[in-house]
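# sequence? don't have it. structure:
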């Protein structure tokens, strides 16, 4: 208590000055239109600046929730794409009640689910990605996986609540693809285990007019991915002297370094196709 009294005595003049100063400014502002307007403008600038900084901080701490909402919205939009529906190749087809149809009675071939990445490697020769979605949430083995910008990989392991994806950046990964401007091409894409930014496209015929910047997309021969998903863009082209093909290096459409959300792709007609193809006699393959 004694120290408090000493403190007040020491700074008594300063306290009186500050009180009188605040009182003078209050009277000046309240009874003078010019100063009142100037003070209001200044106050608005200060509070506006504080609110702006607060909003930035608030937005930063709500990024996770925002990303989750965007992923769900993108999933819904992907499921509405007309390109994911298709009719039968003839005028006759049978009805499958478990498949979703659009207003033109076309059957949905691909269905999309969003998932959050919880583990991801890019520095190994065989890279894998773990997501927090499993069998209880509708994930199945061999589902294709895409990111916001293009192909990511394929599901190889599934537990109740988690799944493991073989990344496109895996020496054992192969993806059916073609050049966007060459509808007749049918190539495969794999990774050489070196730079995580680039993959290699094989079996590109020398008759193809390929140049730097061209787009590579998934082909119609893929049962894992819908046709037309981005795989990458042509970075450079070299000639394979032992064959009549180009070897094309692609810059991946997906940035695997900052991958946070992915979309699982279920081919609802895959089981039927696989079952039929499995019946082909071995001597006729």
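Ah, there it is. Computed from a predicted structure; not experimentally measured.
# what are the boundaries of the strands in the stretch 101-250 of the chain?
107-108, 110-120, 126-131, 144-146, 151-158, 163-170, 175-179, 187-190, 198-205, 215-218, 230-239, 245-252 (DSSP state E, counting those that start in this stretch).
# format these as JSON lines; extra columns: mean pLDDT and distance to residue 14.
Bear in mind the C-beta positions are built from the backbone N, C-alpha and C, glycine included. JSON lines is the format used below for the strands of the stretch 101-250 of the chain (pLDDT from 0 to 100; distance: least, Cβ to Cβ, whole Å):
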{"stretch": "strand 107-108", "mean pLDDT": "64", "distance to residue 14": "76"}
{"stretch": "strand 110-120", "mean pLDDT": "88", "distance to residue 14": "57"}
{"stretch": "strand 126-131", "mean pLDDT": "94", "distance to residue 14": "62"}
{"stretch": "strand 144-146", "mean pLDDT": "94", "distance to residue 14": "67"}
{"stretch": "strand 151-158", "mean pLDDT": "94", "distance to residue 14": "65"}
{"stretch": "strand 163-170", "mean pLDDT": "95", "distance to residue 14": "67"}
{"stretch": "strand 175-179", "mean pLDDT": "92", "distance to residue 14": "75"}
{"stretch": "strand 187-190", "mean pLDDT": "92", "distance to residue 14": "75"}
{"stretch": "strand 198-205", "mean pLDDT": "91", "distance to residue 14": "68"}
{"stretch": "strand 215-218", "mean pLDDT": "93", "distance to residue 14": "71"}
{"stretch": "strand 230-239", "mean pLDDT": "93", "distance to residue 14": "68"}
{"stretch": "strand 245-252", "mean pLDDT": "93", "distance to residue 14": "66"}
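# for residue 266, find the nearest of those.
strand 110-120 (4.5 Å; Cβ to Cβ).
# who does the closest one touch, helix- and strand-wise?
helix 63-78, strand 126-131, strand 261-267 (3 or more Cβ pairs under 8 Å, 6 or more residues apart in numbering; DSSP states H and E).
# mean pLDDT lowest for which of these?
Here the lowest mean pLDDT among the helices and strands packed on strand 110-120 goes to helix 63-78, at a mean of 68.
# which residue is nearest the middle of this protein?
Centroid-nearest residue in the chain: residue 148, 2.9 Å away (criterion: Cα atoms, centre = their mean).
# re the thing from before, now the strands of the stretch 101-250 of the chain as TSV including distance to residue 4 and mean neighbour count?
TSV is the format used below for these (distance: least, Cβ to Cβ, whole Å; neighbours: other Cβ atoms under 10 Å):
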stretch	distance to residue 4	mean neighbour count
strand 107-108	77	17
strand 110-120	56	18
strand 126-131	60	20
strand 144-146	67	25
strand 151-158	66	22
strand 163-170	65	24
strand 175-179	76	25
strand 187-190	77	20
strand 198-205	71	20
strand 215-218	75	22
strand 230-239	71	17
strand 245-252	68	20
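# could the ones you listed go into CSV alongside distance to residue 22?
Shown next, in CSV, are the strands of the stretch 101-250 of the chain (distance: least, Cβ to Cβ, whole Å):
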stretch, distance to residue 22
strand 107-108, 70
strand 110-120, 53
strand 126-131, 59
strand 144-146, 62
strand 151-158, 62
strand 163-170, 64
strand 175-179, 71
strand 187-190, 72
strand 198-205, 66
strand 215-218, 67
strand 230-239, 63
strand 245-252, 63
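# which one of those strands lies nearest to residue 138?
strand 110-120 (5.8 Å).
# check whether residue 153 really touches residue 129, as I assumed.
Yes. Residue 153 is within contact range of residue 129, at 6.4 Å (criterion: Cβ atoms under 8 Å).
# mutual contacts of those two, please.
145, 165, 167 (Cβ atoms under 8 Å, 6 or more residues apart in numbering).
# does the second one touch residue 154 like I think?
Yes. A contact is recorded between residue 165 and residue 154 when judged using Cβ under 8 Å, the distance being 6.6 Å.
# how close does residue 228 sit to residue 218?
Distance, residue 228 to residue 218, by Cβ to Cβ, to the nearest Å: 7 Å.
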